[in-house]
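Undergrad: build me a model from this:
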Amino acid sequence: MKKADLYFNIFILGLSAFTFVEGMKFPYLHRGVVGSGFFPVWISVFLFILALVNTVKILRSFKATEEDKKFFTNRTRAAVFFASFFVYILAITFLGILLASFLYALFVYKIFDKLTWKATLPPAIGIVVFIYLIFYMILGLRLPVGFWN
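TA: Next up, the predicted model:
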(Lines give C-alpha, C1' and ligand atoms only; values in the text may rest on other atoms or scores of the structure.)
Protein backbone atom coordinates (compact mmCIF):
# COMPACT_ATOMS: atom_id res chain seq x y z
CA MET A 1 0.00 0.00 0.00
CA LYS A 2 1.22 3.43 -0.81
CA LYS A 3 0.39 5.95 1.85
CA ALA A 4 0.10 8.66 -0.79
CA ASP A 5 -2.82 6.79 -2.40
CA LEU A 6 -4.60 6.53 0.92
CA TYR A 7 -4.02 10.21 1.72
CA PHE A 8 -5.17 11.28 -1.71
CA ASN A 9 -8.37 9.25 -1.31
CA ILE A 10 -9.00 10.82 2.09
CA PHE A 11 -8.44 14.23 0.50
CA ILE A 12 -10.92 13.41 -2.30
CA LEU A 13 -13.46 12.12 0.23
CA GLY A 14 -13.25 15.39 2.13
CA LEU A 15 -13.31 17.50 -1.01
CA SER A 16 -16.35 15.68 -2.37
CA ALA A 17 -18.17 16.01 0.97
CA PHE A 18 -17.37 19.73 0.98
CA THR A 19 -18.53 20.09 -2.63
CA PHE A 20 -21.75 18.24 -1.81
CA VAL A 21 -22.51 20.54 1.13
CA GLU A 22 -21.74 23.65 -0.90
CA GLY A 23 -23.68 22.35 -3.91
CA MET A 24 -26.77 21.83 -1.77
CA LYS A 25 -26.82 25.59 -1.13
CA PHE A 26 -27.71 26.18 -4.79
CA PRO A 27 -31.06 25.35 -6.36
CA TYR A 28 -31.20 21.74 -7.53
CA LEU A 29 -33.93 22.43 -10.05
CA HIS A 30 -35.02 25.78 -11.43
CA ARG A 31 -38.35 26.03 -13.24
CA GLY A 32 -38.28 22.36 -14.12
CA VAL A 33 -34.75 22.34 -15.54
CA VAL A 34 -31.40 21.52 -14.03
CA GLY A 35 -30.32 24.18 -11.56
CA SER A 36 -26.86 25.34 -10.58
CA GLY A 37 -26.68 22.83 -7.72
CA PHE A 38 -27.38 19.75 -9.84
CA PHE A 39 -23.90 19.06 -11.24
CA PRO A 40 -21.86 19.79 -8.09
CA VAL A 41 -24.12 17.51 -6.05
CA TRP A 42 -24.02 14.58 -8.46
CA ILE A 43 -20.33 14.89 -9.29
CA SER A 44 -19.51 15.01 -5.58
CA VAL A 45 -21.68 11.92 -4.92
CA PHE A 46 -19.98 9.93 -7.69
CA LEU A 47 -16.54 11.16 -6.63
CA PHE A 48 -17.26 10.21 -3.01
CA ILE A 49 -18.40 6.71 -4.00
CA LEU A 50 -15.37 6.13 -6.23
CA ALA A 51 -12.94 7.39 -3.59
CA LEU A 52 -14.64 5.29 -0.92
CA VAL A 53 -14.41 2.14 -3.07
CA ASN A 54 -10.75 2.87 -3.80
CA THR A 55 -10.02 3.51 -0.11
CA VAL A 56 -11.61 0.19 0.88
CA LYS A 57 -9.60 -1.54 -1.84
CA ILE A 58 -6.38 0.02 -0.55
CA LEU A 59 -7.14 -0.86 3.05
CA ARG A 60 -7.99 -4.47 2.14
CA SER A 61 -4.66 -4.90 0.39
CA PHE A 62 -2.86 -3.35 3.36
CA LYS A 63 0.09 -5.37 4.56
CA ALA A 64 1.46 -3.54 7.53
CA THR A 65 5.19 -3.02 7.76
CA GLU A 66 6.85 -1.88 10.94
CA GLU A 67 6.87 1.70 9.65
CA ASP A 68 3.15 1.52 8.88
CA LYS A 69 2.39 0.10 12.31
CA LYS A 70 4.27 2.97 13.92
CA PHE A 71 2.47 5.49 11.72
CA PHE A 72 -1.03 4.27 12.50
CA THR A 73 -0.38 3.94 16.22
CA ASN A 74 1.05 7.43 16.43
CA ARG A 75 -1.96 9.49 17.45
CA THR A 76 -0.12 12.78 17.20
CA ARG A 77 0.61 12.24 13.54
CA ALA A 78 -3.01 11.34 12.83
CA ALA A 79 -4.19 14.42 14.72
CA VAL A 80 -1.84 16.60 12.65
CA PHE A 81 -3.26 15.11 9.46
CA PHE A 82 -6.89 15.82 10.40
CA ALA A 83 -6.06 19.25 11.81
CA SER A 84 -4.28 20.12 8.56
CA PHE A 85 -7.39 19.09 6.63
CA PHE A 86 -9.55 21.49 8.64
CA VAL A 87 -6.97 24.23 8.11
CA TYR A 88 -7.22 23.47 4.39
CA ILE A 89 -11.01 23.90 4.47
CA LEU A 90 -10.58 27.27 6.21
CA ALA A 91 -7.79 28.27 3.83
CA ILE A 92 -10.12 27.87 0.86
CA THR A 93 -12.01 30.93 2.08
CA PHE A 94 -8.90 33.10 2.33
CA LEU A 95 -6.58 31.76 -0.36
CA GLY A 96 -9.05 30.33 -2.85
CA ILE A 97 -9.53 26.69 -3.70
CA LEU A 98 -6.69 26.42 -6.22
CA LEU A 99 -3.92 27.83 -4.06
CA ALA A 100 -5.22 26.13 -0.91
CA SER A 101 -5.42 22.76 -2.69
CA PHE A 102 -1.92 23.15 -4.06
CA LEU A 103 -0.46 24.01 -0.66
CA TYR A 104 -2.40 21.24 1.08
CA ALA A 105 -1.25 18.63 -1.43
CA LEU A 106 2.35 19.81 -1.03
CA PHE A 107 2.01 19.56 2.74
CA VAL A 108 0.52 16.08 2.72
CA TYR A 109 2.97 14.62 0.23
CA LYS A 110 6.02 16.30 1.77
CA ILE A 111 5.28 15.78 5.47
CA PHE A 112 3.47 12.46 5.52
CA ASP A 113 5.15 10.63 2.65
CA LYS A 114 8.50 12.38 2.96
CA LEU A 115 8.77 12.70 -0.80
CA THR A 116 11.30 14.87 -2.57
CA TRP A 117 10.18 18.15 -4.11
CA LYS A 118 10.47 16.60 -7.58
CA ALA A 119 8.04 13.88 -6.56
CA THR A 120 5.75 16.24 -4.65
CA LEU A 121 5.17 18.96 -7.25
CA PRO A 122 3.57 16.96 -10.13
CA PRO A 123 0.65 15.50 -8.12
CA ALA A 124 0.05 18.86 -6.40
CA ILE A 125 -0.04 20.65 -9.75
CA GLY A 126 -2.20 17.85 -11.16
CA ILE A 127 -4.78 18.31 -8.41
CA VAL A 128 -5.03 22.04 -9.15
CA VAL A 129 -5.28 21.49 -12.90
CA PHE A 130 -7.96 18.82 -12.36
CA ILE A 131 -10.04 21.11 -10.13
CA TYR A 132 -9.69 24.00 -12.57
CA LEU A 133 -10.55 21.96 -15.67
CA ILE A 134 -13.52 20.11 -14.22
CA PHE A 135 -15.18 22.79 -12.15
CA TYR A 136 -14.24 26.01 -13.94
CA MET A 137 -13.69 25.10 -17.60
CA ILE A 138 -16.09 22.19 -18.09
CA LEU A 139 -18.87 22.91 -15.59
CA GLY A 140 -18.47 26.69 -15.72
CA LEU A 141 -18.68 27.08 -11.95
CA ARG A 142 -17.17 29.99 -10.08
CA LEU A 143 -14.41 28.76 -7.81
CA PRO A 144 -13.67 30.41 -4.47
CA VAL A 145 -10.77 32.79 -5.16
CA GLY A 146 -10.18 34.13 -1.65
CA PHE A 147 -8.55 37.52 -1.39
CA TRP A 148 -7.35 37.39 -5.02
CA ASN A 149 -10.52 38.91 -6.50
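Undergrad: got the residue ranges for the helices in this structure?
TA: Assigned helices in the chain, in chain order: 3-23, 38-60, 66-73, 75-95, 97-107, 117-131 (criterion: DSSP state H).
Undergrad: pick the most deeply packed of those.
TA: helix 97-107 (a mean of 20; mean count of other C-beta atoms under 10 Å). The C-beta positions use only the backbone N, C-alpha and C, and glycine is treated the same way.
Undergrad: report the contact partners of the closest residue to Tyr88 other than its chain neighbours.
TA: The shortest distance from Tyr88 to any residue other than its chain neighbours is 4.1 Å, reached at Tyr104 (C-beta to C-beta, 6 or more residues apart in numbering). Contacts here follow C-beta atoms under 8 Å, 6 or more residues apart in numbering; on that basis Tyr104 touches Phe11, Ser84, Phe85, Tyr88, Ala91.
Undergrad: what does Ser44 give?
TA: Contacts of Ser44 were listed using C-beta under 8 Å, 6+ apart, and they are Ser16, Ala17, Thr19, Phe20, Gly23.
Undergrad: so how far is Thr55 from the third one?
TA: Summarising the geometry, the distance separating Thr19 from Thr55, computed by C-beta to C-beta, to the nearest Å, is 17 Å.
Undergrad: next, give phi and psi for the residue of the chain positioned farthest from its centre.
TA: Here the centre of the chain is the reference, and by C-alpha atoms, centre = their mean the most remote residue is Arg31, at 32.6 Å. Listed backbone geometry of Arg31 is phi 50, psi 40, with angles given as degrees, to the nearest 10.
Undergrad: same question for Arg142.
TA: Arg142 adopts backbone torsions of phi -80, psi 130, taken as degrees, to the nearest 10.
Undergrad: once you drop chain neighbours, what's closest to it?
TA: Closest residue to Arg142 apart from its sequence neighbours, by C-beta to C-beta, 6+ apart: Tyr136 at 7.8 Å.
Undergrad: any idea how far Ala119 is from the one you found?
TA: As it turns out, when the distance is counted by C-beta to C-beta, Tyr136 lies 27 Å from Ala119.
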